[in-house]
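J.: Let's see this in three dimensions:
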Amino acid sequence: MKSRQQKAKEAQGFCKSRNRLYCETCEHFTRDFVEKYGCTNETNLRCAIGNFKVGKKDICSEHKPLAGNQE
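T.: I've put the predicted structure just below:
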């Protein structure tokens, strides 16, 4: 018997993030690294194709996996 949580996950088509393709695993994803107070932060997350702002977990139909990250 499935739990309510399992049923909800199935209804939503939920799967773990390692099974999905995201901008951060795309060869077109760019970012800058800024060091401040001894910490390195990511900034200026962008798509190199359209040069627009993206989030790490965004996705588009032009996704191309990084070498070594073939899903």
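
J.: going forward, measure contacts between C-alpha atoms and count neighbours the same way
T.: Noted.

J.: Flag the helix or strand of the protein with the lowest per-element mean pLDDT.
T.: Ranked by mean pLDDT, DSSP states H and E, the weakest helix or strand in the chain is helix 4-12, scoring a mean of 85.

J.: Following the chain onward from it, which element is next?
T.: Next along the chain after helix 4-12, taking DSSP states H and E as the criterion, comes strand 29-36.

J.: Name the surrounding residues that touch that following strand.
T.: With Cα atoms under 8 Å, 6 or more residues apart in numbering as the test, strand 29-36 has contacts from 23, 40-48.

J.: could I get the residues you listed as TSV with distance to Ala67?
T.: Listed next are the contacts of strand 29-36 as TSV, based on distance: Cα to Cα, whole Å:
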residue	distance to Ala67
Cys23	14
Thr40	24
Asn41	24
Glu42	21
Thr43	23
Asn44	22
Leu45	19
Arg46	19
Cys47	17
Ala48	16
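
J.: Pull out the buried members of those residues.
T.: 23, 45-47 (16 or more other Cα atoms under 10 Å).

J.: would you turn those into TSV with distance to Val54, secondary structure and pLDDT?
T.: Below are these laid out as TSV (distance: Cα to Cα, whole Å; DSSP: H, G, I helix; E, B strand; the rest coil; pLDDT from 0 to 100):
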residue	distance to Val54	secondary structure	pLDDT
Cys23	8	helix	90
Leu45	6	strand	96
Arg46	5	strand	95
Cys47	6	strand	95
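
J.: can you put those residues in CSV and add distance to Gln6?
T.: Below are these laid out as CSV (distance: Cα to Cα, whole Å):
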residue, distance to Gln6
Cys23, 27
Leu45, 34
Arg46, 35
Cys47, 35
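
J.: Which one of those is nearest to Ile59?
T.: Ile59 lies nearest to Cys23 out of these, by Cα to Cα, at 5.4 Å.
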